[in-house]
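Visitor: Just need the structure, nothing else, for what follows:
(chains A and B)
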Amino acid sequence: MATVKCSIPKGTRDFLPIEMARRNYIFDTIRSVFRTFAFEPIETPSLENLSTLMGKYGEEGDKLLFKVLNSGDFMEGVDFQQDYHKVAPRICDRGLRYDLTVPFARFVVQHRDQITFPFRRYQLQPVWRADRPQKGRYREFYQCDADMIGSTSLLNELELVQMIDMVFSRLGINVVVKINNRKVLAGIADMIGAPDKLVDITVAIDKLDKIGLDNVRAELAERGLTSSQIRALDPVFSLSGTAEEKIAALEAMFANVEVGRKGAEELKELFGYITAAGVKCEVELDLTLARGLNYYTGAIFEVKAKDVQIGSICGGGRYDNLTGIFGMPDVSGVGISFGADRIYDVLTELDAFPADLAQAAQVLFINFGPAEQAACVKAAARLRAEGIATLVYPEAAKMKKQMEYANRKQVPFVAFIGETELKDGTVTLKNMIDGNQTTMTIDELIAVLG
RNA sequence: GUGGGCGUAGUUCAGCUGGUUAGAGCGCCAGAUUGUGGAUCUGGAGGUCGUGGGUUCGAGCCCCACCUCCCACCCCA
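Guide: Here you go, the predicted model:
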């Protein structure tokens, strides 16, 4: 039989034990913070009906959805002569989820009778995007979401910022939390008389620090804004100072623009809460922050690592009517999503993982032969009963080989039960770091390792 | 989806203007060393040179196509 080439699909990854240990360290940290804030876990299927997913992420998003071919005779009654993007929805009823927020909205509507509002849930699961892979960008990656739904209070936004602060301070990553509000962006579009150009304006403004003011103006012109409208945006670009100062300027600017004024008010309230609560990390009001997902309606968040050049490692925002599409209007939610894979890349680059994550076993019993092995098995059972991670070398290999195995597995102790120990009912414990060894009873061994 | 780069041993890479049998470091296996590892030394195994075609007396090297991975754009975690 011809051998099959070993490979996995583009943009997906295998995880080695050491990588799993590090990933679990990230997941455990995030999960523990979510629990501290009294969020409850849920899971949803990898596959959703395509009708649930389509149209929620903008035109770009639809293209990036992985679609799953129908089972059976998917060709029946389908005209394959037409354009492929017309054929696709006819032959694919399901697709892989693109994020955790939209499936969550579906979940809330479907199980509303079993949920007590305001409801806060967390969810750590993989999502899939048919994007072209790149640094920090994968086709399969994990999101760690926390959302609260059924409450419009800005206290929720505050708690999200506090969670971000706690997660990244525990992981030892320096971050800046950028905050903006979609209502402010809508206000800006209204103010210059181009409410229909909201998306174009936000996309262009978003690039300000990347391509510079002149290029942003050029792009706005390209997107159909008149030169007087572009000039009317100048006060937005020239805003500076503290969050309070920017908000004050916005309030003045939006004297006659209702949405904008509402947005500025929300920002003022949120930043007031943040100042009062006091967070460790840097928090910044960034009017150029837009975020692509088009279901956001209020606050939007993005977190960037200060010491590593990579895209955002956490993002989120408020959505006022995501459940509306599923038949449950006027339920507001707000949430954030931690990008576990990017956080992994950041910690790797910073070399900031705890050193002892690789350690699977605490002690390895050296195997000298059948009689000694039987004693090791007995001793190991007692250690394991005490919750001590224990290995017995499975064959009486050369000592060098067994010791090398302990080294490579980073097992901190090896235990010898040889001829003499067998006779005395003892065990010799060797510390693999300093090389010291002592002979003791099994009870003493449990006391030392336990 | 658009543009650019890479692909040689398990791995990181070398390989001259195309020219005998494609190399090195690390890793792997064995021994020096039959109750003590990390060091050292000695020996050994391991390659359809990404895949398929073409040019040539001759291709790892040149040409074409495809694939992969990486990078940038778009977009995003």
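Visitor: these two touch, right, A:Ile247 and A:Leu270?
Guide: No. Assessed by C-beta atoms under 8 Å, A:Ile247 is found out of contact with A:Leu270, at 9.8 Å. All C-beta spots, glycine's among them, are computed from the backbone N, C-alpha and C.
Visitor: Residues that sit against both of those two, list them.
Guide: With contacts taken as C-beta atoms under 8 Å, 6 or more residues apart in numbering, A:Ile247 and A:Leu270 have no neighbour in common.
Visitor: where exactly do the strands run in the stretch 101-250 of chain A?
Guide: In the stretch 101-250 of chain A, the strands defined using DSSP state E, counting those that start in this stretch lie at A:119-128, A:140-149, A:175-181.
Visitor: Now A:Val331. Nearest residue, chain neighbours left out?
Guide: In this structure, A:Val331 finds its nearest non-sequential neighbour in A:Thr323, 4.6 Å apart by C-beta to C-beta, 6 or more residues apart in numbering.
Visitor: I'd guessed the one you found sits against A:Val108; true?
Guide: Yes. Judged on C-beta under 8 Å, A:Thr323 makes contact with A:Val108 at a distance of 5.7 Å.
Visitor: Enumerate the residues of the stretch 251-400 of chain A near RNA strand B.
Guide: A:290-293, A:302, A:311-315, A:337, A:339, A:341-342, A:368, A:398-400 (C-beta under 7 Å from any atom of the strand).
Visitor: which among these end up buried?
Guide: Listed as buried from those are A:290-291, A:293, A:302, A:312-315, A:337, A:339, A:341-342, A:368; burial here means 16 or more other C-beta atoms under 10 Å.
Visitor: Among those, name the ones in strands.
Guide: A:Glu302, A:Cys314, A:Gly315, A:Ser337, A:Gly339 (DSSP state E).
Visitor: Among those residues, which one lies nearest to RNA strand B?
Guide: Nearest to RNA strand B among those, counting by C-beta to the nearest atom of the strand, is A:Gly339 at 2.6 Å.
Visitor: ok, and the closest non-adjacent residue to the closest one?
Guide: Per C-beta to C-beta, 6+ apart, closest to A:Gly339 is A:Ile313, 5.3 Å.
Visitor: now A:Asp165
Guide: A:Val279 (4.3 Å).
Visitor: close enough to count as contact, A:Leu171 and A:Ala352?
Guide: Yes. Between A:Leu171 and A:Ala352 there is a contact under C-beta under 8 Å: 7.3 Å.
Visitor: Need the ones in strands among the buried ones among the residues of the stretch 251-400 of chain A next to RNA strand B in TSV (columns: pLDDT).
Guide: Listed next are those as TSV, based on pLDDT from 0 to 100:
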residue	pLDDT
A:Glu302	93
A:Cys314	93
A:Gly315	92
A:Ser337	95
A:Gly339	92
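Visitor: hmm, stretch A:24-34 touching RNA strand B?
Guide: No. Stretch A:24-34 stays clear of RNA strand B (C-beta under 7 Å from any atom of the strand), getting no nearer than 12.3 Å.
Visitor: what does that stretch contact?
Guide: A:41, A:122, A:124, A:142, A:144, A:146, A:163, A:166-167, A:170-171, A:338, A:340, A:343-344, A:347, A:353-354, A:357.
Visitor: What residues sit buried inside it?
Guide: For stretch A:24-34, the neighbour count (16+ other C-beta under 10 Å) marks A:Tyr25, A:Ile26, A:Phe27, A:Thr29, A:Ile30, A:Arg31, A:Val33, A:Phe34 as buried.
Visitor: Just these: which are in helices?
Guide: A:Tyr25, A:Ile26, A:Phe27, A:Thr29, A:Ile30, A:Arg31, A:Val33, A:Phe34 (DSSP state H).
Visitor: could these go into a markdown table alongside distance to A:Thr242?
Guide: Below are those laid out as a markdown table (distance: C-beta to C-beta, whole Å):
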| residue | distance to A:Thr242 |
| --- | --- |
| A:Tyr25 | 36 |
| A:Ile26 | 33 |
| A:Phe27 | 36 |
| A:Thr29 | 31 |
| A:Ile30 | 30 |
| A:Arg31 | 34 |
| A:Val33 | 28 |
| A:Phe34 | 31 |
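Visitor: Grab the two from those residues that are most spread out in space.
Guide: Across those, the longest distance by C-beta to C-beta is 15.2 Å; it joins A:Tyr25 and A:Phe34.
Visitor: what's the pLDDT at A:Phe168?
Guide: For A:Phe168, the pLDDT comes out at 96.
Visitor: what residue ranges in chain A score low on pLDDT?
Guide: Within chain A, the stretches with pLDDT under 70 are A:1-6, A:84, A:292-293.
Visitor: Report the contact partners of the residue of the stretch 1-150 of chain A found nearest RNA strand B.
Guide: Residue nearest to RNA strand B within the stretch 1-150 of chain A (C-beta to the nearest atom of the strand): A:Lys135, separated by 2.8 Å. By C-beta under 8 Å, 6+ apart, the contact list for A:Lys135 reads A:Ile310, A:Asp345.
Visitor: Now the residue nearest to A:Gly339: phi and psi?
Guide: phi -110, psi 0 (degrees, to the nearest 10).
Visitor: my guess is it contacts A:Asp307, does it?
Guide: No. In this structure, A:Ile313 is not within contact of A:Asp307 by C-beta under 8 Å, at 11.7 Å.
Visitor: Give the residues shared as contacts by those two.
Guide: Shared contacts of A:Ile313 and A:Asp307, defined by C-beta under 8 Å, 6+ apart, comprise A:Ile173.
Visitor: Just the buried positions in stretch A:249-264, please.
Guide: Going by neighbour count (16+ other C-beta under 10 Å), the buried part of stretch A:249-264 is A:Ala249, A:Leu250, A:Glu251, A:Met253, A:Phe254, A:Val257, A:Val259, A:Gly260, A:Arg261, A:Lys262, A:Gly263, A:Ala264.
Visitor: which among those residues gets closest to RNA strand B?
Guide: Taking C-beta to the nearest atom of the strand as the measure, RNA strand B lies nearest A:Gly263 of the buried residues of stretch A:249-264, at 19.4 Å.
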